[in-house]
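S.K.: Below are the sequence and a predicted model for it; my questions follow.
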Amino acid sequence: MEVPSTQAGIDPRRFVGSGVPCGVALDREDAPALAREIDALCVLLKRPAPTQIVFTAECALRMHEERVLLGLKRQRTLGIGWPLLFMLDADEIRAALALALCTDRLALPPEDASAADAQIAARLGAPLLARTLSRLLAAAELARRDWFARLLQPARKTEQTVDGGLRNLRRAIETRGRADWQSALDISLGDRANAAAAARLQALGGSDVRGGSHRNVAQAWLWEGLIERLTTALERDFLQLLTPVWVEEYARWAPARARARALEGARRARTLDVADQIELAALVEQLLGARPANALYRDLYTRERRPEIALGIARTLSVFDPQRARPLLEKLSASAHPLSASARALLDELSIASAPGSRQTMATDPPN
């Protein structure tokens, strides 16, 4: 059987709630810069101030309005998605908050053009608004194929959700840093589903993720103790968003788990041919991670020196020992074999990981 596709990724819109945003109330003394910014934007944009402001575990900034006291009073709750504070810098969060205050919701990816775009561009500048929307559009692609894929990798083998999901997501975002967001943006802009977002950016002068600070807004405006405290406090809310996605991912990989068990039984009985052993190694790589798969690929390579097995060795090495993987990938990418394109793509990823704009360190297998 084929390994289940990992290309579709996880839609970040699954991590947006509905109704009144729930979370941890913003303490103005703990986050004075953020509180002042929201107040200033309400005055600048002539928008009513939120009745309450909460940090949420959602991948969105959204305003919820409802009538209370027999419909005589409006309760306006602004939910500030905690993950977004690690994706955006201080200037970009200003534009993102302005959009949320004027349009009720800003999620990943950003939605169609808003009537408020012109107003916000006039007040904050079209280049900043375009950069913010570009950043969020690129973030949607990174979340889909990288951050959430990494977070949900253990769901392929265990039904029990891992502890610290929000902390792991934050770590994935910060580890990536700001290296090569442009390629993620190009992928998003090339998706027909994002045609409206592309037109919206064009109206603002074009897409651009260059510039800005390498410090995210959480680092710039919040103190470390508060960051740790809020991350811990929002874990339960994030788990509620994560669980249904986790259950679906676990079910999607059920046939692969069954096939891997059958192949492993045959391997121990010494009845597997080379093709089946390659399939087993590929399944182990996806289900259990790079290290156990690397051992299988190496054992197989001692008997069959095939390019696809060599690529498996290099690919798994790139996860936990990229320095050793690089010369192997360089050799494979220089060959005339069709797999050389895959080797070059992996080399490009290693280059991104070591780029100055990235905060990546030595990669490890996803947490169990």
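M.R.: Received it, and whenever you're ready, just let me know what you need. Residues are numbered from 1 along each chain as shown.

S.K.: And the residue nearest in space to the middle of the chain, how close does it get to residue 56?
M.R.: Closest residue to the average C-alpha location of the chain: residue 143 at 2.2 Å, with Cα atoms, centre = their mean. Shown here: residue 143 relative to residue 56, a distance of 16 Å by Cβ to Cβ, to the nearest Å. In short, each C-beta sits where N, CA and C put it, glycine included.

S.K.: same question, residue 111
M.R.: From residue 111 to residue 56 the distance is 18 Å (Cβ to Cβ).

S.K.: What's opposite residue 63 in the beta bridge?
M.R.: Beta-bridge partners of residue 63, counted by DSSP bridges, are residue 78.

S.K.: I'd guessed it sits against residue 105; true?
M.R.: Yes: between residue 63 and residue 105 there is a contact at 7.2 Å, judged by Cβ atoms under 8 Å.

S.K.: Compare the two and say which is more crowded by neighbours.
M.R.: With neighbours defined as other Cβ atoms under 10 Å, residue 63 and residue 105 compare such that residue 63 has more, 22 against 15.

S.K.: so where do the strands sit in the protein?
M.R.: Applying DSSP state E to the chain gives strands spanning 24-25, 52-56, 60-68, 73-81, 105-107.

S.K.: Can you tell me the strand partners of the second one and which way each runs?
M.R.: Sheet neighbours of strand 52-56, with direction, are listed as strand 24-25 (antiparallel), strand 73-81 (parallel) (DSSP bridges).

S.K.: ok so, going back, check contacts around the residue nearest to the centre of the chain.
M.R.: 10, 12, 59, 108 (Cβ atoms under 8 Å, 6 or more residues apart in numbering).

S.K.: pLDDT value on it, please?
M.R.: Looking at residue 143, its pLDDT stands at 95.

S.K.: Now do it against residue 18, distance only.
M.R.: 19 Å.

S.K.: Equivalent analysis for residue 199, please.
M.R.: Residue 199 is 27 Å from residue 18, where distance means Cβ to Cβ.

S.K.: And those two? Which one has more around it.
M.R.: Neighbour count, other Cβ under 10 Å: between residue 199 and residue 18, residue 199 has more, with 11 against 8.

S.K.: correct me, but that one touches residue 113?
M.R.: Yes: at 7.1 Å, residue 199 and residue 113 qualify as touching, with contact defined as Cβ under 8 Å.

S.K.: Let me see the contact set for residue 218.
M.R.: Listed by Cβ under 8 Å, 6+ apart, the contact set of residue 218 reads 85, 86, 227.

S.K.: Return the subset of those lying in helices.
M.R.: Among the contacts of residue 218, the ones falling in helices (DSSP state H) are residue 227.

S.K.: can you put the contacts of residue 218 in CSV and add distance to residue 305, pLDDT and neighbour count?
M.R.: Converted to CSV, the contacts of residue 218 look like this (distance: Cβ to Cβ, whole Å; pLDDT from 0 to 100; neighbours: other Cβ atoms under 10 Å):
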residue, distance to residue 305, pLDDT, neighbour count
85, 50, 97, 26
86, 44, 97, 21
227, 50, 97, 16
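
S.K.: Just name the closest of the contacts of residue 218 to residue 94, please.
M.R.: The nearest member of the contacts of residue 218 to residue 94, counting by Cβ to Cβ, is residue 85 at 12.3 Å.

S.K.: Spatially nearest residue to the closest one (excluding sequence neighbours)?
M.R.: Leaving out its chain neighbours, the residue that sits closest to residue 85 by Cβ to Cβ, 6 or more residues apart in numbering is residue 218, at 4.2 Å.

S.K.: And the one you found, how far from residue 59?
M.R.: Residue 218 is 14 Å from residue 59, by Cβ to Cβ.

S.K.: re earlier: want to throw the contacts of residue 143 into a markdown table with pLDDT, distance to residue 309 and neighbour count?
M.R.: Formatted as a markdown table, the contacts of residue 143 follow (pLDDT from 0 to 100; distance: Cβ to Cβ, whole Å; neighbours: other Cβ atoms under 10 Å):
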| residue | pLDDT | distance to residue 309 | neighbour count |
| --- | --- | --- | --- |
| 10 | 89 | 30 | 19 |
| 12 | 94 | 35 | 23 |
| 59 | 97 | 39 | 27 |
| 108 | 93 | 38 | 25 |
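
S.K.: Can you tell me which of the residues you listed lies closest to residue 124?
M.R.: Set against residue 124, the nearest of the contacts of residue 143 by Cβ to Cβ is residue 108 (20.3 Å).

S.K.: For that closest one, which residues are in contact?
M.R.: Counting by Cβ under 8 Å, 6+ apart, the residues that residue 108 touches are 12, 13, 59, 60, 136, 139, 140, 143.

S.K.: quick one: which of these is nearest to residue 49?
M.R.: Taking the contacts of residue 108 together and measuring to residue 49 by Cβ to Cβ, the closest member is residue 60, at 19.8 Å.

S.K.: The closest one contacts residue 78, doesn't it?
M.R.: No: contact criterion Cβ under 8 Å: residue 60 and residue 78 do not qualify, at 11.2 Å.

S.K.: Residue 92 is nearest to which of the strands paired with strand 52-56?
M.R.: strand 73-81 (13.4 Å).

S.K.: out of everything not next to it in sequence, what's closest to residue 130?
M.R.: Once flanking residues are discounted, residue 130 sits nearest to residue 204: 4.0 Å by Cβ to Cβ, 6+ apart.

S.K.: what pLDDT does that neighbour get?
M.R.: Looking at residue 204, its pLDDT is 94.

S.K.: Tell me, how many residues neighbour it?
M.R.: If we define neighbours as other Cβ under 10 Å, then residue 204 has 23 of them.
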